[in-house]
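Asks: for reference, the sequence and a predicted model appear below.
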Amino acid sequence: MTVDKVLLIFLLFCPVAASSEKSSTNTAQAAYKLALNKIVTGWQPLLKGQSISFLEVSEEESGDKQSIAKLIKLDTNGEEIVKPMVGTNNQEEDEFNWETSVLVNPARFPANAKLIRETETTWVFSIPSLVKANIDDATGDVDSNRINKQLTSALVSELTVSKQSPRFISLKTYSKRRFKPAPLVEVSKFNVRIEYTQAWQNGPWVTESISRTLKGKYAIFVSVNEFSLKTYRSFHLVN
């Protein structure tokens with residue numbers, strides 16, 4: 001085969017491939033918007049004061065489990081209010097805002113997302129990471145802006161959308177490299193995976209499970225190796 005024939009074949013097939021790729025991207029973008037609209041539709045009744053009961057099951061790496069029945073609703077600003085159904089909430093505040101709310105808030109997702117890859121059954125989109133450090137600036141001991149810039153540059157968030165009846169399946173946020181959010185802290189692994197589901201038919205979209213892994217070092221001698229898993233189930237409308 002001559003060089004001219006090879007070039008002719010190349011020119012004939014390249015536009016087809018480019019057109020096919022563009023069509024696939026357009027289909028993926030349309031599916032993303034459809035899936036996001038489902039989140040919006042399920043979110044609307046919550047703004048009217050609906051309360052939902054659910055069961056939170058926490059599991060540590062040791063295998064220890066704890067189950068707590070809770071109530072959740074939105075305040076006037078659309079922020080979650082979560083309370084245990086019995087007793088008081090003694091949960092300690094985490095050092096990171098892992099962006100792991102129980103109710104799936106449509107405002108936390110961009111109107112458009114970048115398609116980065118696909119499989120036979122899913123599309124995977126890149127979206128901005130919203131993980132932040134929970135730090136009180138009033139202490140004056142740390143620079144929260146510097147830490148959050150380190151988190152933004154080091155973390156990647158990938159949202160998986162189903163091709164069958166488009167819906168959000170999961171959100172994975174992970175570190176693409178080692179990073180130092182503070183002078184004495186080095187993070188070697190940061191991984192959060194959130195699975196989504198619908199609370200009930202035609203109901204709001206909620207978090208089904210959250211797995212979190214954090215590895216690194218503090219100073220020289222203190223190693224950090226944390227893993228936790230939370231699952232949420234038995235969602236019921238209270239009012």
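Replies: On my side now, so go ahead.

Asks: now do the same for the residue lying closest to K230 once chain neighbours are set aside: its pLDDT.
Replies: With sequence-adjacent residues excluded and distances taken as Cβ to Cβ, 6 or more residues apart in numbering, K230 is closest to I210, at 4.8 Å. (Each C-beta comes from the backbone N, C-alpha and C, glycine too.) Note on I210: pLDDT of 93.

Asks: pretty sure I210 sits against T173.
Replies: No: under the criterion of Cβ atoms under 8 Å, I210 is not in contact with T173, lying 10.7 Å apart.

Asks: what bridges to T173?
Replies: Beta bridges link T173 to S157, V192 when assigned by DSSP bridges.

Asks: from the centroid of the protein, which residue is nearest?
Replies: Nearest to the mean C-alpha position of the chain, counting by Cα atoms, centre = their mean, stands L171 at 3.7 Å.

Asks: give me the three-state assignment for that residue.
Replies: Recorded secondary structure, L171: strand (DSSP: H, G, I helix; E, B strand; the rest coil).

Asks: so it sits right up against L159, yeah?
Replies: Yes: look at L171 against L159 with Cβ under 8 Å: they come within range, at 5.2 Å.

Asks: now the common contact residues for the two.
Replies: Residues touching both L171 and L159 by Cβ atoms under 8 Å, 6 or more residues apart in numbering: I127.

Asks: what are the ranges of the helices in the protein?
Replies: For the chain, the helices defined by DSSP state H occupy 3-43, 144-154.

Asks: where among these is the average confidence lowest?
Replies: Looking at the helices of the chain, the bottom one is helix 3-43 with a mean of 71.

Asks: my read: A199 touches I52, true?
Replies: Yes: look at A199 against I52 with Cβ under 8 Å: they come within range, at 6.8 Å.

Asks: which residues do these two both contact?
Replies: What both A199 and I52 touch, as defined by Cβ under 8 Å, 6+ apart, is the set F235.

Asks: related to what we said a few turns ago, got any residues that touch both of I210 and T173?
Replies: Common contact partners of I210 and T173 (Cβ under 8 Å, 6+ apart): V192, R193.

Asks: ok, P110 - contacts?
Replies: I127, P128.

Asks: what pLDDT is listed against it?
Replies: pLDDT recorded at P110 is 95.

Asks: quick one: it from Q201, how far?
Replies: 27 Å (Cβ to Cβ, to the nearest Å).

Asks: S170 now?
Replies: Taken as Cβ to Cβ, the span from S170 to Q201 is 21 Å.
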